[in-house]
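> Build me a structure from this.
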Amino acid sequence: MREVAPTPETTPVPAPAAGQASVEREFTVAERSQAQLVLRRFLQHRAAMISLVVLIMVVLLAYVGGLLWHYQAGDITPDNSQPPSLDHPFGTDAVGKDQFAEVLRGTRISLQVAVSVAVFATVVGTIWGSLAGFFGGRTDSLLMRLADLILTLPLIAVAAMLAHNFGGTWYLIAVVIAVLYAPYVSRVSRGVVLSLREKEYIEAARALGATNTRIIVRHLVPNALGSILVNLTILVALAILLETALSYLGFGVQTPDTSLGLLVSQAQTALTTRPWLFYFPGLFIIVIALTINFIGDGLRDALDPQQRKVRQ
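Okay, here's the model as predicted:
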């Protein structure tokens, strides 16, 4: 007769007595994705979060506040050259235009230019640099020599010449600035692609028969997205400053459009008599540029924590 192995009996572990601490504790480790870790690190960056809140307030003020304000840009009021007051928070100019409405409209145009430049230059520069870094050889040499040629040109002088010939409206100014900034992005994306194209997962995708287009779109660009996002935020700040410089020199946005740089340019002759015409648009330019730079710092620290340790 076959013997059956005895089943081991389980002895219940007595519960700890009242007042006695339990020796064993259960720990639950929550799994987080890479996106969740990046978001958590970004939310812990105090300067970036404060800057993000301030930037959102500026954007809402420009786009929503302009609709709710009782004066519109271009409206002529009987209050000529009035200093800031409750009725005109940013004062009025010599013909009676409410400067608060003018600054809000200028902020909208400047933000449109800056965001358009950042998106266009980032897309073109990323494709440009990815093709150069992935294929190498003659393709790399040709594309990078073209980038070096554009980078050697004096930025403001070339932008002023192109804007004078093709500009005037904000979207043409955005195209001119984006063409000049795309080589900067191409060099950054090329460097990232050069470091990624020899990775194991790229070799595995190539061995499985993936085409070059699929490797670039599905593997290289997504893994370079961190550097691309940081550069996009930097481009927004650079674009708004360059647009301000061009408009101040008279080669940027032209009337009947307006921008923060154009408002500063128009107010330079009244700096001693009506300084509020100069200071308020200048303040908005500084606030937008600083907040975007701090947001870029937060993104860089969140995507690459080692960079923060090195700076500290």
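> could you pull out the strands for this structure?
Under the criterion DSSP state E, the chain carries no strands.
> just checking, what's the longest helix in it?
Criterion DSSP state H: the longest helix present in the chain is helix 99-135.
> could you say what helices and strands that helix packs with?
helix 66-68, helix 137-151, helix 170-196, helix 212-215, helix 225-249, helix 260-267, helix 276-303 (3 or more C-beta pairs under 8 Å, 6 or more residues apart in numbering; DSSP states H and E). In this view, the C-beta of every residue, glycine as well, is placed from N, C-alpha and C.
> Can you say which of the ones you listed is nearest to residue 80?
helix 276-303 (12.3 Å; C-beta to C-beta).
> And that closest one, how far out from the chain middle?
With C-alpha atoms, centre = their mean, to the nearest Å as the basis, helix 276-303 stands 11 Å off its chain's centre.
> just to revisit the earlier point, taking helix 137-151 as reference, get the angle to the longest helix of the chain.
Put simply, helix 99-135 runs at 150 degrees to helix 137-151, going by axes from the mean of the first three to the mean of the last three C-alpha atoms, to 10 degrees.
> I figured residue 232 was touching residue 123, is that so?
No: at 9.7 Å, residue 232 does not count as touching residue 123 under the criterion of C-beta atoms under 8 Å.
> Now do the end-to-end distance for stretch 60-79.
For stretch 60-79, the separation between the terminal residues is 27 Å (C-alpha to C-alpha, to the nearest Å).
> quick one: contacts of that stretch?
87-88, 92, 95-98, 100-102, 104-105, 107-108, 111, 256, 258 (C-beta atoms under 8 Å, 6 or more residues apart in numbering).
> Just the buried ones from those residues?
Using 16 or more other C-beta atoms under 10 Å as the burial test, those include 88, 92, 97-98, 100-102, 104-105, 107-108, 111, 258 as buried.
> mind putting those residues in a markdown table, distance to residue 281 and pLDDT included?
Shown next, in a markdown table, are the buried ones among the contacts of stretch 60-79 (distance: C-beta to C-beta, whole Å; pLDDT from 0 to 100):
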| residue | distance to residue 281 | pLDDT |
| --- | --- | --- |
| 88 | 15 | 89 |
| 92 | 14 | 89 |
| 97 | 13 | 88 |
| 98 | 13 | 89 |
| 100 | 11 | 91 |
| 101 | 12 | 91 |
| 102 | 8 | 91 |
| 104 | 10 | 93 |
| 105 | 11 | 92 |
| 107 | 8 | 93 |
| 108 | 12 | 92 |
| 111 | 13 | 92 |
| 258 | 10 | 86 |
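> Between the helices and strands packed on helix 99-135, which one is closest to residue 39.
helix 276-303 (7.5 Å).
> which one of the helices and strands packed on helix 99-135 is the most hemmed in?
Most buried of the helices and strands packed on helix 99-135, by mean neighbour count (mean count of other C-beta atoms under 10 Å): helix 260-267, with a mean of 24.
> Which secondary structure elements does that one sit against?
Going by 3+ C-beta pairs under 8 Å, 6+ apart, helix 260-267 lies up against helix 99-135, helix 225-249, helix 276-303.
> could you redo those as CSV and give each row distance to residue 194?
Formatted as CSV, those follow (distance: least, C-beta to C-beta, whole Å):
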stretch, distance to residue 194
helix 99-135, 5
helix 225-249, 12
helix 276-303, 19
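> Spatially central residue in the protein, please.
Residue closest to the average C-alpha location in the chain (C-alpha atoms, centre = their mean): residue 233, at 2.0 Å.
> quick one, what contacts the nearest residue to residue 41 once chain neighbours are set aside?
What sits nearest to residue 41 in space, not counting adjacent residues and going by C-beta to C-beta, 6 or more residues apart in numbering, is residue 302, at 4.0 Å. Applying C-beta under 8 Å, 6+ apart to residue 302 gives the contacts 38-39, 41-42, 45.
> ditto for residue 83
Taking C-beta under 8 Å, 6+ apart, we find residue 83 in contact with 91, 274, 276.
> Am I right that the last one is in contact with residue 98?
It refers to residue 276. No: using C-beta under 8 Å, residue 276 makes no contact with residue 98, being 11.7 Å away.
> Between those two, which contacts overlap?
Residues touching both residue 276 and residue 98 (C-beta under 8 Å, 6+ apart) are residue 90.
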